[in-house]
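Quick one, fold the following:
(one chain, ligands or ions: 1)
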Amino acid sequence: MKPVRAGMVGLGTIHAIHAEAFKPDAKGEAGQVESEKYPPREISAVFDIDAGLRAKRAVELSCTAHDSYESMVNDPEIDVIDITLPHALHYEFARKALDHGKHVLVEKPMAPLSDQCRDLIEIARRNELVFTVAENTRFVHAYKEVKRLLDEGVIGVPRLVRTFISGSEVVRLRDTSLWKGRIDGTVGGAIMDAGPHSFYLLKWLFGSISQLRASQYKLVDESEVEDHAIVSGTLDNGTIFSSEFTFTAEMPWNERLEVYGSEGTIVVDQLSNPPMVIYNGELDFYGTRHIAVPYDPIWWKGSSIVAGVHDFLGAVSGNRPVTVDPGDGCYAVEIVEAAYRSCSSNGQVVFIQ
Ligand SMILES: NC(=O)c1ccc[n+]([C@@H]2O[C@H](COP(=O)([O-])OP(=O)(O)OC[C@H]3O[C@@H](n4cnc5c(N)ncnc54)[C@H](O)[C@@H]3O)[C@@H](O)[C@H]2O)c1
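Modelled structure (predicted):
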């Protein structure tokens, strides 16, 4: 079978994890080696605005270094472009790749504006190309287990859901030469950056949001964007939700999900051992350790990113849909926009159409 050949653009932090997915012994979902499950694949070329970095990565990955994006999208040796760039560049770079007949995987947010997301989805459909956002949330082992247990009715009807994404970006936010704290690089702060993960998760597990209100805070003076935000409201099915994001927690990156149902509660905390516990009622003090989800504080997220890249490459070579529906990536950005509308009107309720 012919390998799927990738061009990678934006060779920073998260690119390194995307690149892992191309190794034969890459550990994807639940830390399992997935080489047999997914197609042969190779990194054919790289591009970054930083000439030293692209030359270095080309040597490390034994591939071509392009000296412009133009030359990369015109390279006939490339089937797919994997975009791991600052948010403000997602639309322009994804569009150019799709216009040149390349399949595209783009990091979250799919694009900073939902109109741009819709445009990209339409171009991909017209050109019969595989396109989606690298929404690793869909491949987090614990969340897949939560989905299965909810479908089995293990905790009854969900009444309340809380999500929390925490970690530290303080050093990068303070560095005014980097894009993380600059509005022209991020097009938003914690809501734009972390929000898509939680809004995608809510939609996948519970359905659409009907209304929300949001507030944002900025603790890092040097930064132009919010580093903490709270978005809360209700879902179409009546469940209450609350999503919180902080970039000022001095601890490893973590995600929590708490689902409170009519017959029990599921708590996921990626840094706790075990990361997933199920409680059944007020006397269940110890809960049940859900051992199907391994304790993996270091690679729980990496494995989900690798699995997402594998899934995308599988769709390119296997003529089947990607697991992450691009429409849901666009939906997450619509909720980001609604949350910012609420922030800019002092936390007024925004109804989602
Ligand atoms: N899925 C996740 O959990 C996760 C985690 C971290 C980052 N991300 C996403 O990945 C993307 C990249 O984030 P990062 O933390 O890796 O950023 P980064 O700053 O570490 O890397 C960005 C790279 O893009 C390059 N670049 C900037 N402008 C360029 C241009 N015009 N042309 C070519 N290259 C250019 C930079 O030189 C840098 O190497 C963002 O969309 C971010 O939200 C996702």
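
List the beta-bridge partners for Arg256.
Arg256 has these beta-bridge partners by DSSP bridges: Phe164, Asp269.

Surely it and Thr163 touch.
Yes: assessed by C-beta atoms under 8 Å, Arg256 is found in contact with Thr163 at 6.9 Å. (Each C-beta comes from the backbone N, C-alpha and C, glycine too.)

More neighbours: those two, which one.
Taking other C-beta atoms under 10 Å, Arg256 and Thr163 do not tie; Thr163 has more neighbours (25 against 17).

how much space is there between the more buried one and the ligand?
Look at Thr163 and the ligand: by C-beta to the nearest ligand atom, to the nearest Å, they are 14 Å apart.

and this structure, which residues reach the ligand?
For the chain, the contact set with the ligand under C-beta under 6 Å from any ligand atom comprises 9-15, 48-50, 53, 84-87, 89, 107-108, 136, 193, 301, 305.

Apply 5 Å and report the result again.
Residues of the chain found near the ligand (C-beta under 5 Å from any ligand atom) are 10-14, 48-50, 84-85, 107, 136.

Can you tell me which of these end up in helices?
Taking DSSP state H as the definition of helices, the residues of the chain next to the ligand contribute 13-14.

filter the residues of the chain next to the ligand to the buried ones?
The neighbour count (16 or more other C-beta atoms under 10 Å) marks 10-11, 14, 48, 84-85, 107, 136 as buried among the residues of the chain next to the ligand.

Helix or strand next in line after the helix or strand harbouring Ser317, which one?
Using DSSP states H and E, Ser317 maps to helix 300-318. Following helix 300-318 in sequence order, the next helix or strand is helix 326-344 (DSSP H and E).

Return the distance of that following helix from the chain's centre.
Relative to its chain's centre, helix 326-344 lies at 14 Å (C-alpha atoms, centre = their mean, to the nearest Å).

List the buried residues in that helix.
Using 16+ other C-beta under 10 Å as the test for burial, helix 326-344 gives 326, 328-340, 342-343.

do stretch 162-178 as well
For stretch 162-178, a neighbour-count test (16+ other C-beta under 10 Å) marks 162-170, 173, 178 as buried.

what number of residues lie near Pro274?
Neighbours of Pro274 using other C-beta under 10 Å come to 17.

Contacts only, for the residue in the chain positioned nearest to the ligand.
Residue nearest to the ligand within the chain: Gly12 (1.8 Å; C-beta to the nearest ligand atom). The neighbours of Gly12, taking C-beta atoms under 8 Å, 6 or more residues apart in numbering as the test, are 48, 84.

For it, give me the pLDDT.
Gly12 is assigned a pLDDT of 98 by the prediction.

Need the phi and psi values for it.
When quoted as degrees, to the nearest 10, the phi and psi of Gly12 stand at phi -90, psi -150.

List phi and psi for Lys27.
Torsion angles, degrees, to the nearest 10, at Lys27: phi -90, psi 110.

wait, Ser210
Torsion angles at Ser210 (phi, psi; degrees, to the nearest 10) stand at phi -100, psi -30.
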